[in-house]
Each structure stands twice: as structure tokens, then as C-alpha cells.
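Engineer: generate a structure from the sequence data that follows.
(2 chains)
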Amino acid sequence: KAGVTQTPRYLIKTRGQQVTLSCSPISGHRSVSWYQQTPGQGLQFLFEYFSETQRNKGNFPGRFSGRQFSNSRSEMNVSTLELGDSALYLCASSFRTQETQYFGPGTRLLVL
Amino acid sequence: GIQVEQSPPDLILQEGANSTLRCNFSDSVNNLQWFHQNPWGQLINLFYIPSGTKQNGRLSATTVATERYSLLYISSSQTTDSGVYFCAVNQAGTALIFGKGTTLSVSS
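Structural biologist: All right, here's what the predicted structure looks like:
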């Protein structure tokens, strides 16, 4: 069974731009979660989706948004990028919420 | 919210040595997972262990939920074990909260 895939793997943007990251979960998994990892703050939860509904949201500004499609694929969007948004963005999927999470390889975003 | 503390923050070992990593959490949890992040950033799920003991090859984990801690044992460490080990927990209906991790370096 294929693992979690994330695209793109690397991205360079400038301040003020917006970015969209994509995550395809393991086949059959209906829950997708997003995390931001930075050296200073560690791994921080962004949001969780299950069956196209946002179930949980982390403590991030409204510039961070996400959605999940009927095929369980998920996207997250960051608008008006700031230098501090440079991070590794990780997506994880599970069959249901609160179960074992399987992570994708991540998207490394650099904001200049 | 719930606090997750991992110790030690850093660990340096020679190949073949054994180690124990600890995760303390401040409240009762529904779910506890251990992950290994390799040098390329990939997080690999090691154990889903809200309570009890599990073993997978050279790795084993024990969670004592009543005392709010979990231990990850690595035996006969290899250089490929290097990386960061994270403990993560959640309570009913809440998001997964990660500790700051233990960075393990195994040299040959």
C-alpha cells in the first residue's frame, strides 16, 4: 500500500505571496492532520480533517487554512507569507481520528 | 493543555549500546505514540502504545498510564538508529501534542 504523499517537496516563496500544499493519504484513510515543524517551536499541530470536516484546529492565525476533498486528499493554504512561516510542513493520515498516524515526507517551505 | 516532556534531550552512544528514552505527560491520555524522525525529516511511527508493553525487533516500549510516563528501549543500537525520537499524546477529541524530542547519535 502506498504511503502518504506530499507535493511539492520543496518550495521557495517571497514574503506576501501565498502557497498551497497538497497531501494524499494512505488509501482508505479518512483522517488527515497537518503539522508545522520549526527548530524553535518544534512540531505544532495545524488542523485535522475527517470526512471533509475540520475536527480540530491549532493555534495559528487565520492566514493558515485547509480543506479536505471527498477522496480524502487534503490541501493547506498559507496566505500573505511571512519569514516565520519557513518550516517543514508535515501531513499525517489515519484510518479514523485518534488512531495511529502515518506521516508523509513533508514539504520544506522557505520564505525569503 | 497537556504537557509532554522528554528526556534526555540528547544522547550519544557507541554502536551496540542500549538506551532508554523517557516521556512524561501531565494528564491522562487516550493515545500515545512514539516516532523516529530520520535525518531527512521523515517521521516513522514506531509504536502506538497508550498502555502496556510492545516490542518490535530491537525496540520496545512501555507505557504506565497511571503514572503518566512511557519508556522507549533501544537495544544493540546501530548507526541507522540515529535521529530524533518523539513522543506524542492526545486526549479524547484533541490534537496530537508532541514533546520536544530526544536526539540520538550512534557512532560506529
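
Engineer: got the residues of chain B near chain A?
Structural biologist: For chain B, the residues in contact with chain A (C-beta under 8 Å from any C-beta of the partner chain) are B:30-31, B:33, B:35, B:40-45, B:48, B:86, B:88, B:90, B:92-98, B:100-101. In short, each C-beta sits where N, CA and C put it, glycine included.

Engineer: now, of these, which are buried?
Structural biologist: The neighbour count (16 or more other C-beta atoms under 10 Å in any protein chain shown) marks B:31, B:33, B:35, B:41-43, B:45, B:86, B:88, B:90, B:94-98, B:100-101 as buried among the residues of chain B next to chain A.

Engineer: which is the next helix or strand following the helix or strand harbouring residue B:5?
Structural biologist: Remark: residue B:5 resides in strand B:4-7, with elements defined by DSSP states H and E. Downstream of strand B:4-7, the first helix or strand assigned by DSSP H and E is strand B:10-14.

Engineer: ok now that next one, how far from the chain's centre?
Structural biologist: With C-alpha atoms, centre = their mean, to the nearest Å as the basis, the distance from the averaged C-alpha position of strand B:10-14 to the chain average is 15 Å.

Engineer: other SSEs contacting it?
Structural biologist: If you count contacts as 3 or more C-beta pairs under 8 Å, 6 or more residues apart in numbering or on different chains; DSSP states H and E, strand B:10-14 packs onto strand B:19-25, strand B:102-107.
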